[in-house]
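>>> sharing a sequence plus its predicted fold:
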Amino acid sequence: MDVTVAIGTFGLSWWYDLAVRRAIPSAEALGVPVVHYHAETLHDARNGALALVDTEWVIHLDADDELEPGYLDAMAAGTADVRAPAVRYVRGLGRLRASTPAVPTVAGHSHHCQAACLLQGNWLVVGALVRTDLVRQVGGWRDFDWSEDWDLWLRCHLAGASFEAMPAAIYRAHVRPGSRNRAPSRQTRLAAHRAIAAANGIL
């Protein structure tokens, strides 16, 4: 596939170093272009990495996560503008515990989510395969305290993009209890959810 893996890191140099140790080697093992951009904020980092991409497709990868072998071959079997991977959650530092991979669902949904489910919440991770021009068309990454990836995928849906789950493509997400995604309180998450919904006119 004509794809680039884009890695954005922000803030402390610790994140930059982690990308060098984990995300970048994982991406380079796939044999495609890899770009890395460091900035003061997450949305600036991701947009900076996006600006370096000149391929038809892009995969954004967080510094502490990995793409498992066969990721691109699995994604290549799809046809949609945005292709959602399964996620394998990995916990622990020494003896790692890894979950069985599964495509996420919107909280409270018991079915396999479709594009319209994005009107209620997020079911894609940051590492979905997406057309580069689509991300640029909808304005790239915006600044939210939490779930900024939902904001992007929601804008892609509202722009008419097609979505497809690709369960054979596995995104390996390393879970840290104090991480940005895990630390916010329920109140903070709900406030961010409302802010994203309002920004996209779905309240």
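That came in fine, so what should we check first?

>>> I figured Leu72 hits Val5, correct?
No - in this structure, Leu72 is not within contact of Val5 by C-beta atoms under 8 Å, at 9.3 Å. Placement of C-beta: from N, CA and C, glycine included.

>>> and the two? Which one has more around it.
Val5 (27 against 18; other C-beta atoms under 10 Å).

>>> tell me the secondary structure at the more buried one.
Of the three states, Val5 takes strand under DSSP: H, G, I helix; E, B strand; the rest coil.

>>> shared neighbours of Leu72 and Val5, which are they?
30, 32 (C-beta atoms under 8 Å, 6 or more residues apart in numbering).

>>> how many other residues sit next to Gly11?
By other C-beta under 10 Å, 14 other residues sit near Gly11.

>>> in the protein, which spans are strands?
3-10, 34-39, 57-60, 66-67, 82-91, 97-98, 129-131, 163-175 (DSSP state E).

>>> and the second one, what does it pack against?
I take that to be strand 34-39. strand 3-10, helix 24-28, helix 42-51 (3 or more C-beta pairs under 8 Å, 6 or more residues apart in numbering; DSSP states H and E).

>>> go on, the fifth one?
Taking 3+ C-beta pairs under 8 Å, 6+ apart as the contact definition, the neighbouring helices and strands of strand 82-91 are helix 71-76, strand 97-98, strand 129-131, strand 163-175.

>>> okay, these, which one's buried deepest?
Comparing the helices and strands packed on strand 82-91 by mean neighbour count (mean count of other C-beta atoms under 10 Å), strand 129-131 ranks first with a mean of 22.

>>> helices or strands next to that one in the packing?
Using 3+ C-beta pairs under 8 Å, 6+ apart: strand 129-131 touches strand 57-60, strand 82-91.

>>> who touches it?
Contacts of strand 129-131 (C-beta under 8 Å, 6+ apart): 1, 3, 56-59, 75, 78, 81-83, 85, 156, 161, 166, 169.

>>> just stretch 19-35 next, same as before
1, 3-7, 9, 36, 49, 52-53, 55, 59, 61-67, 69, 71-72, 172, 174.

>>> just stretch 102-121 next, same as before
Stretch 102-121 has contacts (C-beta under 8 Å, 6+ apart) with 84-87, 122-125, 150, 153-154, 157, 161-163, 165-167, 193, 202.

>>> average pLDDT across it?
What stretch 102-121 shows for mean pLDDT is 96.

>>> quick one: end-to-end length of it, please.
17 Å (C-alpha to C-alpha, to the nearest Å).

>>> returning to what we had before: need the helices and strands packed on strand 82-91 in CSV (columns: distance to Leu42 and mean pLDDT).
As requested, the helices and strands packed on strand 82-91 are exported to CSV (distance: least, C-beta to C-beta, whole Å; pLDDT from 0 to 100):
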stretch, distance to Leu42, mean pLDDT
helix 71-76, 22, 98
strand 97-98, 25, 84
strand 129-131, 17, 98
strand 163-175, 16, 96
